[in-house]
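[1] Structure for this input, please:
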Amino acid sequence: QVQLVESGGGLVQAGGSLRLSCAASGRTFSNYAMGWFRQAPGKEREFVVFISRSGASTYWADSVKGRFTISRDTAKNTADLQMNSLKPEDTAVYYCAFYHYSGAYFDPGSYDYWGQGTQVTVSS
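    Next comes the predicted model:
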């Protein structure tokens, strides 16, 4: 079955960095675009980034643009999110997901498989 597993979350001070990894299985990784989302307590799930199947195109939320980068490795079936200059408002559970071919890239409803999430906490 299709599985996505996030890792790399943790506690970091403001200004620090974390690298999240999303490991995929059960689906031909290179055939699907992917996204990262996050959800803070009491808030809706929020779009972070979309990366195309080839990795050549990315779309970012304004709140993280210039601080986060994304890469995907077809050989390893992974999509990594490098987060720099972290702020307390970045605190959330971070999720990766497979994009299901159509729909707005920033809409969680356009993604069909999700990981269980990894907690990122940024202290001030």
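
[2] From now on I want contacts and neighbour counts done on CA atoms only, so please keep to that.
    Noted.

[3] Quick check: pLDDT value at Thr74.
    Turning to Thr74, the model gives it a pLDDT of 92.

[4] what about it, how many residues close to it?
    16 (other Cα atoms under 10 Å).

[5] gap between it and Ala23?
    11 Å (Cα to Cα, to the nearest Å).

[6] Repeat that for Arg53.
    15 Å.

[7] With Gln3 instead?
    Taking Cα to Cα, one finds Gln3 at 8 Å from Ala23.

[8] out of the two, which sits in the busier spot?
    Set side by side, Gln3 and Ala23 show more neighbours around Ala23, with 19 against 16, by other Cα under 10 Å.

[9] isn't that one right up against Glu6?
    Yes. Ala23 is within contact range of Glu6, at 6.5 Å (criterion: Cα atoms under 8 Å).

[10] what residues are up against Pro23?
    No Pro there; residue 23 is Ala. 4-6, 76-79 (Cα atoms under 8 Å, 6 or more residues apart in numbering).

[11] let's see 10 Å
    3-7, 29, 72-73, 76-80, 96, 115 (Cα atoms under 10 Å, 6 or more residues apart in numbering).

[12] Mark which of the residues you listed are buried, thanks.
    Buried subset of the contacts of Ala23 (neighbour count, 16 or more other Cα atoms under 10 Å): 3-7, 29, 72, 77-80, 96, 115.

[13] Lovely, talk soon.
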